[in-house]
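# fold the following, please.
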Amino acid sequence: ENSGYIVWLNKPEIHALEFISTLPKDAVLAGWPGPINDNVPYFARRRVLVTHETHAATHVDYVLKMRERMNAIVDAYLATDPEAILALRDQHEVDYLILDAKDFEGTAPPLYFEPFSTRTHKRWKEAQGRFYTPRLAKTAAAYAQDGIYVIDLKKLPPRSSKSKGGWQE
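Alright, predicted model coming up:
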């Protein structure tokens with residue numbers, strides 16, 4: 001008999017969630033809302049900044065807070081330089097960023113609903129394929145398998161180092 005909630009995950013998604021469950025219990029993750037990110041609280045028992053489920057509109061202040069968080073994820077995920085990624089880490093206290101390489105393939109950005117899809121399309125067009133986040137997968141990934149990466153944002157330099165001679169990769 002069915003309990004009413006079924007989640008179908010592929011092996012790469014399961015492996016990523018298994019790794020995420022080994023991260024510190026107080027770790028905060030962010031990623032594009034989807035199969036991995038949305039299931040982190042259920043399967044890995046870790047916190048995420050935004051999921052599809054947390055976007056349920058219940059209160060004006062809550063909606064505005066979730067909008068602020070998702071805008072920060074859009075800006076960081078589709079960034080062309082480190083600034084928005086560092087802001088996600090420092091202002092929203094995100095420890096890890098979940099990245100799916102499939103989100104950067106093709107000619108269209110990853111999907112989400114309005115008002116975020118307008119911002120997403122704008123950032124995608126501005127980037128012209130020069131996304132910074134996938135480059136971090138090479139230098140700051142705590143996990144890398146099957147095109148899924150968990151980027152350790154603590155490995156990135158403090159924001160103040162940007163003003164002291166620039167960003168180092």
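
# when you work out contacts or count neighbours from here on, use the C-alpha atoms and nothing else.
Fine.

# show me what the spatially most central residue of the chain is bridged to.
Most central in the chain under Cα atoms, centre = their mean is residue 31, positioned 1.9 Å from the mean C-alpha point. Here residue 31 sits in beta bridges with residue 98, going by DSSP bridges.

# which residues of the chain score low on pLDDT?
1-6, 160-169 (pLDDT under 70).

# and the helices in it?
11-20, 35-39, 60-77, 83-92, 116-127, 133-139, 160-163 (DSSP state H).

# of those helices, which stretch is the most buried?
helix 35-39 (a mean of 21; mean count of other Cα atoms under 10 Å).

# packing partners for it?
helix 11-20 (3 or more Cα pairs under 8 Å, 6 or more residues apart in numbering; DSSP states H and E).

# check the offset of the helix it packs on from the chain's centre.
When C-alpha coordinates are averaged (Cα atoms, centre = their mean, to the nearest Å), helix 11-20 and its chain have centres 15 Å apart.

# who are the contact partners of the residue nearest to the centre of the chain?
Residues counted as contacts of residue 31 (Cα atoms under 8 Å, 6 or more residues apart in numbering) are 37, 48, 50, 73, 77, 97, 98, 99.

# what of residue 57?
Contact analysis of residue 57 by Cα under 8 Å, 6+ apart lists residue 63.

# from residue 50, how far off is it?
As judged by Cα to Cα, to the nearest Å, residue 57 and residue 50 stand 13 Å apart.

# now do residue 27
In this view, residue 27 and residue 50 are 14 Å apart by Cα to Cα.

# who has more neighbours, those two?
Neighbours were counted for residue 27 and for residue 50 using other Cα atoms under 10 Å; residue 50 has more, 20 against 16.

# shouldn't the more buried one be in contact with residue 69?
Yes. Contact criterion Cα atoms under 8 Å: residue 50 and residue 69 qualify, at 6.9 Å.

# all set now, cheers.
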